[in-house]
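Chemist: Pasting a predicted model and its sequence here:
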Amino acid sequence: MISIWKKELRSSLFSVVGFLYLASSLFFFGVYFYVLNLYGGSAHVNYAYTSALYLFSITVPILTMRSFAQEFRDRTDQLLFTAPVSLRKIVLGKYLACVTLFLIPVVVAAAFPVILTGYGDVAVAEAYTTLLAYVLYGLAAIAIGIFLSALTNNVVVAAVLTAVVLFLGYTMGGFGELLGVSVLKNLLGAFHLQARFVVMENGVISLRSVVYFLSIAVAFLIFTVLRLRGVQNGRGGNRIELRRRLIWLAGTVVLVIGLNVGMVYLPDSVTEHDVTMREFHLLTDQTKKFLAELKRDITIHVYQKESEADINTVKLLKNYEAYEHVTVEYVDPALSPRFPMNYTANGFSEGSLVVTSDTAFRVINAESIYTYTDAGMAEYGAAPDGFDLEGLLSSAIDYVTTERIPMVYEISGHGELLLSGEFESALSRENVKLQEISLLTAGYVPKDADCVLILAPREDYSEAEIGALRDYLEGGGHLYVMLQWTETEQTRLHGLLSEYGIEVENGIVSESDADLYFQEPYYLIPEILPTTVTEEYAGNMALSAMSVGLRSEDPAVETILKTTTSAFLKRNPEKAESSAKEEGDETGEFLLGVFRKWTVDLTPANAAEGTGTVTRSAQLTVFGSPYMTQDAVDQYVSGMNRKLFINIMDHMVTRPALIYVPAKSYSVQYVTVPNSDALFFGVILSGVIPGILLMVGVSVWFLRRRR
């Protein structure tokens, strides 16, 4: 068998066909990895592996078509049959040679998650589980291809047969759905290779899928041996031999069917193994610190028997209960059916929780514990994409134990953006009340304002509105500003910022260095610098898109984000012919985000409380990008923009300690790869390596021809 394996492997590597397979496989792997992960920013490398799956109908025929068809064509099959090696070992040797060649691109593709981890959190477990499924799928496909090669003496026919069968195996489930007849649907589904692959895409090793692929591979190898035995004995076979082959054939089919049917009846706890190690029950450091500093007693009521409660919920609550002021009680719905009416007129479902203190309560509905990509997916039995109970619980505990709800006002009336999506949810989770206000109507900033948000106005403010904002800051206020480029400069708003040492350059900032932008030169990915409000996230990357330029020579102004000295500013981006640097564009270092904090001494005449002088700290945060609080941008840096926003709010909103714990995602979504790195790896993986392999194959073929 080893000698057959070596001979077949050597034959493949000394022909253009073997190198064509390697080059084509690596090319498609590289292209999908570049498009989906490096350029597209997806943290799921398994998407690249899955996308390459349908190519089995192209690449596997190249790999297997010569296995036996060429032996029959060249009439060298007689040498095989008379060799001192059993047919079983001949088939296994050829199969292992094909598998060895098949695994070479897989080994290269296994480096993809490692490459991507340098740019953020990556769904590594999902990637390697999918790659395992890809290998299993390949083992079955190669066995099918070798069997079909043994049916003909024409390599082209063998290739076409293999391509058709593998294509049908990839799409068989779709045909079953179209037919609609349950019997035919189930019958065709038994041959649906892709369906078994999909089960293992998201970090779950399915024993059913493993057994299915391996049994298919073994079955077709046995079929190949039986076919060759028929060819070998065709000139002198007898009925006894024929009967023996039929028994082997029937026995193999029955065994494969029985084995796979038997797997269906095993419980999921035996056949499904999640390898992502999603330890949702472990508390974050933020929650641990919050609970350790808790001074008031709270009780968490779970409206469900403990034995019937969600396992993640039970484990998480045990960690909460370990703290001194936290008590967990399970309420049996059968014994206390009216329990929900104590807290809400409409009641709530089993599995819901109620967090209570001596003065307040908050209900956490069971439907909100797990999150879903799209609303309503839970109704259709879709798998959740996150576990949100820790964030909900910590927010509820904070709510029932707090003395005062902070107020944050967002100004409107000038085309501003309003906080929405995950950013609004995060602020709400902090138990901060958000309210819209028009300065033009109100004439002043309310005295209960802990912070004021100005989110990318399209029009300038009036002198009266600027006066109200100036009075607010001079009274120790906290102002968070996002800017955006407008054709007409907002001189009054920019002038207010200038009073505090922050100059605004009305133009779009771009980077010349491809290492520092994502996809486009104006999608900047600067490093967060350590400041009073960013120390925790210093060194991480934020995404600042379409930012105006900021400058400051005031030593009191701290820099949160900035460009390199190779950045440039387009004063009229709408008239620019290219996003690249053009003649006349101003070059230099620009600030993208700044923070300033100073103290204000208030006399009894203008202070809201006390009889003597009151000292307050005023704070001003300014970002040049209008997209700093947009979910669509934030997802590309794995939520870092949102974390940065909340961290700044923690410093600007005056209360002891804000607590924000995002939902624990089943998997990460995006990474941010600099454009230069994406191009480098894309060219190497999909161009250079396949190109070299193809040239080597052609050279080997040419040299052999000359001999």
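Modeler: Cool, got the structure. Keep in mind that what you see is a predicted model, and the values were worked out from it rather than measured.

Chemist: those helices in the stretch 251-400 of the chain, which residues are they?
Modeler: Across the stretch 251-400 of the chain, reading from the start of the chain, the helices by DSSP state H, counting those that start in this stretch fall at 268-271, 285-292, 311-321, 389-401.

Chemist: Flag the shaky bits of the stretch 201-350 of the chain, pLDDT-wise.
Modeler: Along the stretch 201-350 of the chain, segments meeting pLDDT under 70 span 202, 234-238, 269, 276-279.

Chemist: Show me the strands in the stretch 551-700 of the chain, by range?
Modeler: 557-562, 568-570, 586-587, 591-602, 614-623, 664-665 (DSSP state E, counting those that start in this stretch).

Chemist: Would you format those as a markdown table with distance to Leu434, mean pLDDT and mean neighbour count included?
Modeler: For every residue, glycine as well, the C-beta is placed using N, CA and C. Formatted as a markdown table, those follow (distance: least, Cβ to Cβ, whole Å; pLDDT from 0 to 100; neighbours: other Cβ atoms under 10 Å):
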| stretch | distance to Leu434 | mean pLDDT | mean neighbour count |
| --- | --- | --- | --- |
| strand 557-562 | 22 | 95 | 22 |
| strand 568-570 | 33 | 89 | 22 |
| strand 586-587 | 37 | 88 | 13 |
| strand 591-602 | 21 | 90 | 19 |
| strand 614-623 | 17 | 89 | 20 |
| strand 664-665 | 24 | 71 | 19 |
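
Chemist: can you tell me which of the ones you listed comes nearest to Leu317?
Modeler: Distances from Leu317 to each of the strands of the stretch 551-700 of the chain were compared using Cβ to Cβ; the minimum, 15.0 Å, belongs to strand 664-665.

Chemist: Could you say which of the helices of the stretch 251-400 of the chain is packed most deeply?
Modeler: Per-residue neighbour counts averaged over each of the helices of the stretch 251-400 of the chain give the maximum for helix 389-401, namely a mean of 22 (mean count of other Cβ atoms under 10 Å).

Chemist: could you check the angle helix 311-321 makes with that helix?
Modeler: Counting by axes from the mean of the first three to the mean of the last three Cα atoms, to 10 degrees, helix 389-401 lies at 40 degrees to helix 311-321.

Chemist: outside of helix 389-401, which residues touch it?
Modeler: Contacts of helix 389-401 from elsewhere in the structure, counted by Cβ atoms under 8 Å, 6 or more residues apart in numbering, are 280, 283-284, 286-287, 290-291, 294-296, 298, 300, 312-313, 316, 320, 326, 353, 355-357, 359-362, 364, 368-369, 429-431, 658-664.

Chemist: Could you rerun that using 7 Å?
Modeler: Here helix 389-401 makes contact (Cβ atoms under 7 Å, 6 or more residues apart in numbering) with 283-284, 287, 290, 294, 296, 298, 313, 316, 320, 355-357, 360-362, 364, 368-369, 429, 431, 659, 661-664.

Chemist: Narrow those residues to those that are buried.
Modeler: Buried residues within these, defined by neighbour count using 16 or more other Cβ atoms under 10 Å: 283, 287, 290, 298, 313, 316, 320, 355-357, 361-362, 364, 369, 429, 431, 659, 661-664.

Chemist: is it fair to say Gly18 lies in a strand?
Modeler: No - assigned with DSSP: H, G, I helix; E, B strand; the rest coil, Gly18 falls outside any strand and is helix.

Chemist: looking at it, it is touching Phe102, isn't it?
Modeler: No - counting by Cβ atoms under 7 Å, Phe102 is not a contact partner of Gly18; they are 10.8 Å apart.

Chemist: Give me the more crowded residue out of those two.
Modeler: In terms of neighbours (other Cβ atoms under 10 Å), Gly18 is the more surrounded of Gly18 and Phe102; the figures are 25 against 22.

Chemist: Any stretches of the stretch 501-650 of the chain with poor pLDDT?
Modeler: With pLDDT under 70 as the threshold, the stretch 501-650 of the chain has low-confidence stretches at 603-612.

Chemist: what about the helices in it?
Modeler: Under the criterion DSSP H, counting those that start in this stretch, the stretch 501-650 of the chain carries helices at the ranges 631-634, 640-652.

Chemist: Highest mean neighbour count out of the ones you listed?
Modeler: Looking across these with neighbours counted as mean count of other Cβ under 10 Å, the highest average goes to helix 640-652: a mean of 22.

Chemist: Against which helices or strands is it packed?
Modeler: Contact partners of helix 640-652 among helices and strands, from 3 or more Cβ pairs under 7 Å, 6 or more residues apart in numbering; DSSP states H and E: helix 421-429, strand 478-482, strand 614-623, helix 631-634.

Chemist: Relative to Arg66, which of those is closest?
Modeler: Counting by Cβ to Cβ, Arg66 lies closest to helix 631-634 out of the helices and strands packed on helix 640-652; the figure is 50.0 Å.

Chemist: How about residues contacting the closest one?
Modeler: The contact list for helix 631-634, computed with Cβ under 7 Å, 6+ apart, reads Gly421, Glu422, Leu543, Ala545, Tyr627, Asn641, Arg642.

Chemist: Could you report the neighbour count for the third one?
Modeler: In this case it means Leu543. A count of nearby residues for Leu543, using other Cβ under 10 Å, gives 25.

Chemist: contacting residues for the nearest residue to it once chain neighbours are set aside?
Modeler: With Cβ to Cβ, 6 or more residues apart in numbering as the criterion, Leu543 has its nearest non-adjacent residue at 4.7 Å, and that residue is Val637. With Cβ under 7 Å, 6+ apart as the criterion, the residues that contact Val637 are Met541, Ala542, Leu543, Thr672.

Chemist: The second one contacts Leu561, correct?
Modeler: Yes - Ala542 is in contact with Leu561 according to Cβ under 7 Å; the separation is 6.0 Å.

Chemist: Which neighbours do those two have in common?
Modeler: Both Ala542 and Leu561 are contacted by Pro526, Ile528, under the criterion Cβ under 7 Å, 6+ apart.

Chemist: related to what we said a few turns ago, return the closest of the contacts of helix 631-634 with respect to Thr587.
Modeler: Thr587 has its nearest neighbour among those in Ala545, at 20.1 Å by Cβ to Cβ.
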